[in-house]
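Student: Everything below, folded, please.
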Amino acid sequence: MATRSAHPYPMPPAGPAGLRRAGWWQRRAIRAAALVTLLALSGLVILALVREQTGTEGFLVGLGLATLPVPLLVAAFRWLQRVQPGPWRNLLFAFAWGACAAALIAIVANSFATRWIATATADPTSADTLGATVIAPIVEESAKAAAVLLVFLFRRREFTGIVDGVVIAGVTATGFAFTENILYLGSAFGADQLNGDTGLASVTAATFFVRVVMSPFAHPLFTVLTGIGFGIAALSADRQNWRRVLLPLLGLLLAMGLHALWNGSASFGDYGFFAVYATFMLPAFGLLTWLAIWTRQRGLRIVRAELPAYVIAGWLTAPEPYALGTMRARTLARDYASYTQGKAAARTVAQYETYATTLALLRHRGRRGKAAADFVVRERELLHALWERREAARPALAYAAQATAPVLVPIPPQYGYRQTYPQPYPPQPHAQQPPYGYPYAQPAMPYPAYNPYRG
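Tutor: Below is the predicted model:
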């Protein structure tokens, strides 16, 4: 049986080493300010470049039309992340990086490479084709992958699996496509102004149909492959460094390949575009959508399977694993808290749900032998966060469990309860005091890989 230290968190080392301050470049505020400055400057430059190519009127038209798919795509990616919502700052960073930094890198690098090829080969037509099918996929996917890499490296605790990789990559690509659509739609509008074309026969209408109606998911689909590579790498054990490097690279190469195939479809004949769209794009979109939804549901199953161990230890009440393992019960719990205690209580319940999900996924990784070195510290932090929010969350989750559970949802017998949902529950041991200072109970189930409850 494990013993606990009197301090819930590690103490800093004694002596001068414990008082040493980090360099100014390591301070979070300095790095955040540098990143915001970089994105702001990139946004101003890309704004000037796009406006120069489209004109003011074309820019405004392109901006209005390019905005239409953005809320739908962002809402879809946010829906995938509802089981374990990440902070909005990561999504804002991803979108800004895609719309500003990645778009600027792509415009400058693609233009330079295409001009260099045209000068070297004296064949502008071949240079444009080669630039679109080879240069553009490499440059654009690499620029978008940089955002996923930055979140993976500097927000590691918030990047825990495939869903996080899909969401960060998808939102980054949504921002990139937003800027690219402004450029294409604005240029098409300018061409229509010169030629006098209007209505459905205009270039603007055709561009809008292809880029916004038929394939708004194109860029997110490419970059999501990179995000999946990073997501699987995040699930790997610390000792599997080769997977942390090779899997993101493999995802990036797949993204480049699919992007090159999509860009090159226009050169495959009159029906090449539609053949690639029907043969590759739609099946890939359907497969990745299924994978994302399956991963989301798998997260809920992990919550239901892992949290009962904390019921035994007295951290959670008996109804919570079921209530936290269904999205309907989670929503009902937030609504109940909002109705009975106000909006602040609803936010507290939402935080409780997020912390509990993170705790379940952390424990799942530990049982599979893939826990990081800070497992114990991270577990304590999450349990402490849950304990601080229990007053608002427990009544709401109990109500949600009673309202949404089937007629009888038995608690597994190895957890030692004879009651069944939604019957009243007996008081939990140590329910009125923080469990710090007493040992965890040992769950009556085998843990072949890793057991955080052993000393």
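Student: three-state assignment of the nearest residue in space to Q341 that is not next to it in sequence?
Tutor: Nearest residue to Q341, sequence neighbours excluded (CB to CB, 6 or more residues apart in numbering): A392, at 6.2 Å. Just so you know, the C-beta spots here come from the backbone N, C-alpha and C atoms, and that holds for glycine as well. Secondary structure assignment for A392 (DSSP: H, G, I helix; E, B strand; the rest coil): helix.
Student: A392: neighbour count?
Tutor: 22 (other CB atoms under 10 Å).
Student: That one is in contact with A337, isn't it?
Tutor: Yes - at 6.0 Å, A392 counts as touching A337 under the criterion of CB atoms under 8 Å.
Student: Give me the common contacts of the two.
Tutor: A345, T348, V349 (CB atoms under 8 Å, 6 or more residues apart in numbering).
Student: which is the next helix or strand following the strand or helix carrying H259?
Tutor: Assigned by DSSP states H and E, H259 falls within helix 241-264. Note on helix 241-264: by DSSP H and E, the next helix or strand toward the C-terminus is helix 272-276.
Student: circling back: any idea of the mean pLDDT for the helix holding H259?
Tutor: The pLDDT scores in helix 241-264 average 90.
Student: tell me which strands and helices that helix is in contact with?
Tutor: Applying 3 or more CB pairs under 8 Å, 6 or more residues apart in numbering; DSSP states H and E, one finds that helix 241-264 contacts helix 136-154, helix 218-235.
Student: And the helices in the stretch 301-450 of the chain?
Tutor: Ranges of helices in the stretch 301-450 of the chain, per DSSP state H, counting those that start in this stretch, are 308-312, 320-324, 327-341, 343-367, 375-388, 390-404.
Student: Please identify the most buried of those helices.
Tutor: With neighbours taken as mean count of other CB atoms under 10 Å, these reach their highest mean count in helix 320-324, at a mean of 27.
Student: which outside residues touch the helix holding H259?
Tutor: For helix 241-264, the surrounding residues in contact (CB under 8 Å, 6+ apart) are 129, 132-134, 136-138, 140-142, 145, 148-149, 152, 218, 221-230, 232-233, 236, 276, 280-281, 284.
Student: one more time with 7 Å, if that's ok
Tutor: With contacts defined as CB atoms under 7 Å, 6 or more residues apart in numbering, helix 241-264 is touched by 132-134, 136-138, 140-141, 145, 218, 222-223, 225-226, 228-230, 232-233, 236, 276, 280-281, 284.
Student: Return the members of those classed as buried.
Tutor: In terms of neighbour count (16 or more other CB atoms under 10 Å), the buried residues within the contacts of helix 241-264 are 132-134, 136-138, 140-141, 145, 218, 222-223, 225-226, 228-230, 232-233, 276, 281, 284.
Student: Could you list the buried residues of stretch 281-295?
Tutor: For stretch 281-295, the neighbour count (16+ other CB under 10 Å) marks M281, A284, F285, L288, T289, A292, T295 as buried.
Student: Relative to D123, which of those is nearest.
Tutor: D123 has its nearest neighbour among the buried residues of stretch 281-295 in M281, at 29.4 Å by CB to CB.
Student: Can you mark which positions in stretch 367-376 are buried?
Tutor: The neighbour-count check on stretch 367-376 (16+ other CB under 10 Å) flags R367, K370, A371, F375 as buried.
Student: First residue to last residue on that stretch, what's the distance there?
Tutor: 13 Å (CA to CA, to the nearest Å).
Student: repeat for stretch 381-401
Tutor: For stretch 381-401, the end-to-end distance is 26 Å (CA to CA).
Student: sorry, back to before: save the helices and strands packed on helix 241-264 as a markdown table, and put in mean pLDDT and distance to A75 too.
Tutor: Formatted as a markdown table, these follow (pLDDT from 0 to 100; distance: least, CB to CB, whole Å):
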| stretch | mean pLDDT | distance to A75 |
| --- | --- | --- |
| helix 136-154 | 93 | 19 |
| helix 218-235 | 92 | 13 |
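Student: If anything else comes up later, I'll come back, but that's it for now.
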